[in-house]
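Novice: Here is my input, please return the structure:
(2 chains)
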Amino acid sequence: MLNQQEQHTKKLQKCRVLGPCAVEFAAANTGSWRLERPIVRFNECIKCGTCQRFCPADLITIDKGKKECVDIDMNYCKGCGICANECPKKCIDMVDERSVG
Amino acid sequence: MFNLKSEARGFIAHGVSACAGCGMELIIRNVLDVLGSDTTIVIPPGCSALFCGFGNETGMKISAFQGNLENSAAYATGISRGYRAQGNDHTKVVAFAGDGGTLDIGLQALSGMMERGEDVLYICYDNEAYMNTGIQGSSSTPYGTSTTTTPGGKTVQKKDLLGIAIAHQIPYCASATVSHIPDLRKKVEKAKHVKGPSLLHIHCPCPTGWGFDTAKSVEVCRKGVQSGAWLLYEYENGKIRVNVKPKELLPVKEYLMLQRRFRKMSDEQVGALERAIREQYEKLLEKEE
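Specialist: Here you go, the predicted model:
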């Protein structure tokens, strides 16, 4: 831990930044955690946006013009299932990740 | 400035290592969405420290500072005064701490900050125990909860944070929860425009520590409001306003049985908690008038 701090302090000395300083905006591969995947039954969806409001990772986009109106970013979805639980029409199913392939 | 290695819609990276179903992630995304880019955030060690990142990687597009556990409010004061001394009167300084960093360890710094009237927004996300270190009980843990340090159930009631804040007569403080997102966003918006100290106390569901399925995070919090276990009210310019007034409170049992942390409570204890909750709710309604 100490070495890590020193290393960062030394490297950033030319930029006149003091102390360890995080400058890279990065994201972890949280999509690999997922055990269950949300699948939307689009014909029953009323496009209310409840799933979008409650998604903790803010991954849901609603496009009212499209037939597949709910887009979930599977690169980061952890599969918590809040969207499926909160959906007023209950039209999101949580499907075992292994069965999707 | 930042070297963007990944894309994100808001100010927080989409892939952060909060547990699945974590309420804190939902809270901070909504808070920063309302506050905007002109914000500096102070985060003590705890679950929320993961947003500041590790090494030279960060999960936030705004400037964030990780201080010590006991003095987030003091750090925020220093940053806020530094900005004002430089002639910057627009950047909002926010402290984002958990219940341990607010109600136990950080209480003296918070009290000093509120007493001096610093221009800081202090947000406490309350998951009702020390979740990051392995579910130890804090002074915010409710009566009857079993944690690793109170295995037989906590024997005393939780601390009233907003009561402490109101006693300091600060301009604005409020409680919020993740099941009422528009209400939460409205309160952050109000707190943003307050000149002086403001405090938000936000109920934060924790699937790992409370023992429920990750999908139920929002549902548990909604039951908490309906049963009166979490009261939504705000204190503004000396007046208390209750935002959600259930005509008939649900039996608190419906909130408790969703969570494994209350499984050791006897019927007597549930009755005692129910009485305490109803008394608190009635007192609050009286104060409003």
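
Novice: So the residue nearest the centre of chain B, which state does it fall into?
Specialist: Among the residues of chain B, the one closest to the centroid is B:Tyr125, at 2.1 Å (CA atoms, centre = their mean). At B:Tyr125 the chain is in strand, as set by DSSP: H, G, I helix; E, B strand; the rest coil.

Novice: Kindly state the beta-bridge partners for it.
Specialist: B:Gly98, B:Ile202 (DSSP bridges).

Novice: Report the contact partners of it.
Specialist: B:23-24, B:27-28, B:48, B:96-99, B:202, B:204 (CB atoms under 8 Å, 6 or more residues apart in numbering or on different chains). No exception for glycine: its C-beta is placed from N, CA and C like everyone else's.

Novice: And it, how far from B:Leu200?
Specialist: Applying CB to CB, to the nearest Å, the value for B:Tyr125 to B:Leu200 is 9 Å.

Novice: ditto for B:Val16
Specialist: 21 Å.

Novice: same deal with B:Ser138?
Specialist: 18 Å.

Novice: Equivalent analysis for B:Asp38, please.
Specialist: With CB to CB as the criterion, B:Asp38 and B:Leu200 are 18 Å apart.

Novice: okay, these two: which has more neighbours?
Specialist: With neighbours defined as other CB atoms under 10 Å in any protein chain shown, B:Asp38 and B:Leu200 compare such that B:Leu200 has more, 26 against 11.

Novice: For the more buried one, which residues are in contact?
Specialist: Contacts of B:Leu200 by CB under 8 Å, 6+ apart are B:121-124, B:173-176, B:187-188, B:191.

Novice: Could you rerun that using 10 Å?
Specialist: B:27, B:31, B:94, B:96, B:121-125, B:162, B:165, B:172-176, B:184, B:187-188, B:190-191, B:234 (CB atoms under 10 Å, 6 or more residues apart in numbering or on different chains).

Novice: One more: B:Asn68?
Specialist: B:44-45, B:74-75, B:101, B:105-106, B:109.

Novice: Now name the helix or strand holding it.
Specialist: Using DSSP states H and E, B:Asn68 is not contained in any helix or strand.

Novice: Give me the phi and psi for it.
Specialist: phi -100, psi 170 (degrees, to the nearest 10).

Novice: same deal with B:Thr145?
Specialist: According to degrees, to the nearest 10, B:Thr145 has phi -70, psi 130.

Novice: What pLDDT does the model give it?
Specialist: The model reports B:Thr145 with a pLDDT of 94.

Novice: repeat for A:Thr9
Specialist: For A:Thr9, pLDDT reads 52.

Novice: The residue nearest to A:Gly81 when sequence neighbours are not counted: how many residues sit nearby?
Specialist: In this structure, A:Gly81 finds its nearest non-sequential neighbour in B:Ala215, 3.2 Å apart by CB to CB, 6 or more residues apart in numbering or on different chains. The number of residues packed around B:Ala215, counting by other CB under 10 Å, is 21.

Novice: Can you show me the strands along chain B?
Specialist: B:3-4, B:39-43, B:57-58, B:63-66, B:92-98, B:121-126, B:172-177, B:198-203, B:233-236, B:239-242 (DSSP state E).

Novice: want to try CSV for the ones you listed, with mean pLDDT as columns?
Specialist: What follows is these, written out as CSV (pLDDT from 0 to 100):
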stretch, mean pLDDT
strand B:3-4, 80
strand B:39-43, 94
strand B:57-58, 87
strand B:63-66, 90
strand B:92-98, 96
strand B:121-126, 96
strand B:172-177, 96
strand B:198-203, 97
strand B:233-236, 95
strand B:239-242, 95
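
Novice: Need those in JSON lines (columns: distance to B:Gln269).
Specialist: Converted to JSON lines, the strands of chain B look like this (distance: least, CB to CB, whole Å):
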{"stretch": "strand B:3-4", "distance to B:Gln269": "52"}
{"stretch": "strand B:39-43", "distance to B:Gln269": "35"}
{"stretch": "strand B:57-58", "distance to B:Gln269": "44"}
{"stretch": "strand B:63-66", "distance to B:Gln269": "38"}
{"stretch": "strand B:92-98", "distance to B:Gln269": "26"}
{"stretch": "strand B:121-126", "distance to B:Gln269": "21"}
{"stretch": "strand B:172-177", "distance to B:Gln269": "24"}
{"stretch": "strand B:198-203", "distance to B:Gln269": "21"}
{"stretch": "strand B:233-236", "distance to B:Gln269": "26"}
{"stretch": "strand B:239-242", "distance to B:Gln269": "27"}
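
Novice: of all the ones you listed, which lies closest to A:Ile60?
Specialist: strand B:172-177 (20.7 Å; CB to CB).

Novice: Which elements pack onto the closest one?
Specialist: If contacts are counted by 3 or more CB pairs under 10 Å, 6 or more residues apart in numbering or on different chains; DSSP states H and E, strand B:172-177 sits against helix B:23-35, strand B:121-126, helix B:161-167, helix B:181-192, strand B:198-203, helix B:217-227, strand B:233-236.

Novice: Cool, thanks, talk later.
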